[in-house]
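J.: any chance you could fold what I've pasted below:
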Amino acid sequence: MRSPRVAAPSVRTVEVSDPRDLLAHLPADDPVAWVREGEGMVGWGRFARVDLGTGPQRFVRAQTALADVAARLGSDGEVGLPGSGLVAFASFTFDERSPGSVLVVPRVVLGRRQGRAWLTTVGDADVPPELALRALPAPGRVRYARGGADEVRWVEAVDEAVREIKDGQLDKVVLARDVRVWSQEPLDTRVLARRLAERFSSCFTFVCDGLVGATPELLLRLEAGRIESIVLAGSAPRGADAASDQRLGQALLASSKDRQEHELAVASVRDVLAGRCVQLSVDHTPRLLRLANVAHLASTAHGTLTDDRHVLDLVAALHPTAAVCGTPRAAALERIRALEGMDRGRYSGPVGWFDADGDGEWGIALRCAQVHGNRARLFAGAGIVDGSLPEAELEETRLKLRAMQSALDGR
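T.: Numbers count the residues shown, from 1 in each chain. Down below sits the predicted model:
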């Protein structure tokens, strides 16, 4: 007697009614998310998880991992929107020497874009008929402690970097620091993501393998041969009222120190993309991007690729940009390793998603925390150039840390 035929696992995508709040439908089963202004994707379950290792080949390993999954699966259904169908979420460490880069293929993805929504299931994933969350557990009381270097040591590192820049050893270096967190209760990345998305709706709120944050920086979007990148560098606090906010914004636009820092970041992106695009347009002057607690200088680049490329090929070429590393890249990276006194892990590394066709959307993991049970590490950095004042740079990192601290504290 012939054995019954077993159907191969498949990828099924169907259009569904509008879920409205994507993050409200995210269960605790290995959650992942990429959401901005109510659009994007959330996923859960784990069809595949791949440790991508170290070195420059980690981006190639990510491509291969999803290609291997796609080769094993059939596909049923097509919605025709970016992100529908088989997708992988991934985040990479800032330093290629550091372990921890990871790729996740969720069993279920719920997406929403342009007034339409879809549900993708991978393999034999079961989707509960009622996609709704129970009340999420609050973190409880949290306490903070210094990370790899205390504030005094970090200020000394900034002072040393300024001296090296004045000596002509490099033009810019981004120095980061971390803060450690302990909570009474296990930290739930879904709680933090929802709080971040509510306060920073114009940012990309992300969750990937315990990394959660809200980044304002779009490293690269690739869709059908068209690319877009948003470069941020140069920061100032928001004002207490409209008048002071206007003054602070205008002062940021007029700051030669911040404009220099911004131009170096723009140049690092333009230099990579120019040779890979038929045409590339980059803003001539930066604009103000105002977030809830900070304003940034922002510039946008648009272009059309000269040939068919995978989004991760471009991400690998762009990372690390001057916005999170410095200029020249190699010299800045060497000084980061020498001066920071910590491993950044996946902070300031690429985070995002890509599909089986090689399109995708990627940010830089900023305003984020790496969560492990009831512990977490928060990160913030500042761009150091000639003219940087160490105490002012320290205050900038405090300001940036408040985004995650507010999410943890429920403020």
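J.: let me see the contact set for the spatially most central residue of the chain.
T.: Against the mean C-alpha coordinate of the chain, by C-alpha atoms, centre = their mean, the closest residue is Ala365 at 3.2 Å. With contacts defined as C-beta atoms under 8 Å, 6 or more residues apart in numbering, the neighbours of Ala365 are Ser91, Phe206, Leu211, Gly213, Thr215, Arg346, Tyr347, Ser348, Gly349, Pro350, Val351. Glycine gets a C-beta too; all of them are placed from N, C-alpha and C.
J.: with Glu39 instead?
T.: Residues in contact with Glu39 (C-beta under 8 Å, 6+ apart) are Leu22, Arg112, Arg113, Gln114.
J.: show me where pLDDT drops low in the stretch 101-250 of the chain?
T.: Counting by pLDDT under 70, the ranges of the stretch 101-250 of the chain that qualify are 125-139.
J.: if we can go back for a sec, show me the contacts of Ala365 that map onto strands.
T.: Members of these lying in strands (criterion: DSSP state E): Ser91, Phe206, Leu211, Gly213, Thr215, Pro350, Val351.
J.: related to what we said a few turns ago, find the nearest non-adjacent residue to the residue nearest to the centre of the chain, please.
T.: Sequence neighbours aside, Val351 is the residue nearest to Ala365 in space, at 4.4 Å (criterion: C-beta to C-beta, 6 or more residues apart in numbering).
J.: cool, Pro56 as well?
T.: Distances taken as C-beta to C-beta, 6+ apart put Glu96 closest to Pro56, at 5.8 Å, once the chain neighbours are dropped.
J.: quick one, phi psi at that neighbour?
T.: phi -60, psi -20 (degrees, to the nearest 10).
J.: my guess is it meets Gly53, correct?
T.: No - taking contact to mean C-beta atoms under 8 Å, the distance of 9.6 Å between Glu96 and Gly53 leaves them out of contact.
J.: pick out whichever of those two has more residues nearby.
T.: When Glu96 and Gly53 are compared on other C-beta atoms under 10 Å, the one with more neighbours turns out to be Glu96, at 19 against 13.
J.: measure Gly381 to Gly341 for me?
T.: Between Gly381 and Gly341 the distance is 13 Å, computed by C-beta to C-beta, to the nearest Å.
J.: could you do Val278 as well?
T.: Here the criterion is C-beta to C-beta. By it, Val278 lies 44 Å from Gly341.
J.: between the two, which has more neighbouring residues?
T.: For the pair Val278 and Gly341, the greater number of neighbours falls to Gly341 (16 against 10), based on other C-beta under 10 Å.
J.: check contacts around the more buried one.
T.: The neighbours of Gly341, taking C-beta under 8 Å, 6+ apart as the test, are Gly148, Ala149, Arg153, Ala157.
J.: are any of those buried, and which?
T.: The neighbour-count test (16 or more other C-beta atoms under 10 Å) applied to these identifies Gly148, Ala149, Ala157 as buried.
J.: for these, give me a markdown table that also has distance to Ala62 and secondary structure.
T.: Converted to a markdown table, the buried ones among the contacts of Gly341 look like this (distance: C-beta to C-beta, whole Å; DSSP: H, G, I helix; E, B strand; the rest coil):
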| residue | distance to Ala62 | secondary structure |
| --- | --- | --- |
| Gly148 | 27 | coil |
| Ala149 | 31 | coil |
| Ala157 | 32 | helix |
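J.: mind putting the residues you listed into CSV with distance to Asp258?
T.: Output for those, formatted as CSV (distance: C-beta to C-beta, whole Å):
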residue, distance to Asp258
Gly148, 26
Ala149, 24
Ala157, 20
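J.: buried subset of the contacts of Glu39, written for ChimeraX?
T.: Typed into ChimeraX, the line below selects the buried ones among the contacts of Glu39, using 16+ other C-beta under 10 Å:
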select :22,112,113
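J.: ok, the contacts of Ala365 vs Leu81, which is closest?
T.: Phe206 (19.2 Å; C-beta to C-beta).
J.: and which of the ones in strands among the contacts of Ala365 is nearest Leu222?
T.: For Leu222, the closest of those turns out to be Pro350, at 12.7 Å, with distances computed as C-beta to C-beta.
J.: make sure Arg153 is indeed in a strand.
T.: No - secondary structure assignment places Arg153 outside any strand; it is helix (DSSP: H, G, I helix; E, B strand; the rest coil).
J.: give me the sheet partners of the host helix or strand of Ala33 and which way each runs.
T.: Here Ala33, judged by DSSP states H and E, is contained in strand 32-36. Partner strands for strand 32-36, per DSSP bridges, with pairing direction: strand 39-44 (antiparallel), strand 204-208 (antiparallel).
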